Structure formats: C-alpha cells, structure tokens
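**Q** pasted the sequence and its predicted model underneath.
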Amino acid sequence: MSDFENTLIRKITPAGIVSTFAGLNEVYTGGPLYPNGPISVAKFGLPNGVAVDASGNVYVADGIGEIRKISN
C-alpha cells in the first residue's frame, strides 16, 4: 500500500504486520525528481497507488506524475 503522508510504500502481511517496503520518509519539496534505485534508496513524491504484476514487480503511481517500477 502507498503511505501518501510519509512518502513510503508499505507491505502488509496476511497476519496484519506492517513494514516499510520501499522509500525514505522525506517530503517532496519540488525540484529534481526523486531517484530510482534499490529499495533502500528509492524515494517517492507523494505515492498514491500501488499495483503488482504476475512476476512480482511493484508499480507505484507517484504523485509527481510518474509511474515507478520496483523490480522483484
């Protein structure tokens, strides 16, 4: 799920345990787009949607006008 306020992508297990899957808790202030990269360094500007494909790739609708891909 996207955590819009904290600019993070969260993972929720079937048991209800929530953890951060990707992103750094930094508010977008404009300027250069946030970088792609490994889960540990990718940043998002107000993520507002998440989808997963059959291969496990995660796609994030970034509120700054981009669709971002997190490879499995």
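**A** Yep, that arrived. Numbers count the residues shown, from 1 in each chain.

**Q** helix or strand for the closest residue to residue 21 other than its chain neighbours, which one?
**A** Distances taken as Cβ to Cβ, 6 or more residues apart in numbering put residue 11 closest to residue 21, at 4.1 Å, once the chain neighbours are dropped. C-beta: built from backbone N, CA, C; applies to glycine. Assigned by DSSP states H and E, residue 11 belongs to strand 8-12.

**Q** what are the pairing partners of that strand, and which direction each?
**A** According to DSSP bridges, strand 8-12 has the following sheet partners: strand 2-3 (antiparallel), strand 18-22 (antiparallel).

**Q** mind listing what's buried in it?
**A** Residues 8-10 are the ones in strand 8-12 that count as buried (16 or more other Cβ atoms under 10 Å).

**Q** same thing with stretch 53-63?
**A** For stretch 53-63, burial by neighbour count (16+ other Cβ under 10 Å) applies to 58, 60-63.

**Q** residue 52: which of these is nearest?
**A** Here the nearest of the buried residues of stretch 53-63 to residue 52, counting by Cβ to Cβ, is residue 58; it sits at 5.4 Å.

**Q** follow-up on the earlier one: out of the buried residues of stretch 53-63, which are inside strands?
**A** 58, 60-62 (DSSP state E).

**Q** which two of the residues you listed lie the greatest distance from each other?
**A** Greatest spacing in those, by Cβ to Cβ: 58 and 62 (12.3 Å).

**Q** can you tell me who the residue nearest to residue 21 pairs with across the strands?
**A** Assigned bridge partners for residue 11, using DSSP bridges, are residue 19.

**Q** for residue 54, see how far away it is.
**A** To residue 54, residue 11 is 18 Å away according to Cβ to Cβ, to the nearest Å.

**Q** same check, this time on residue 40
**A** 25 Å.

**Q** still on that earlier bit, for residue 55, see how far away the residue nearest to residue 21 is.
**A** For residue 11, the distance to residue 55 - Cβ to Cβ - is 17 Å.

**Q** again, but for residue 43
**A** Distance from residue 43 to residue 55, counting by Cβ to Cβ: 23 Å.
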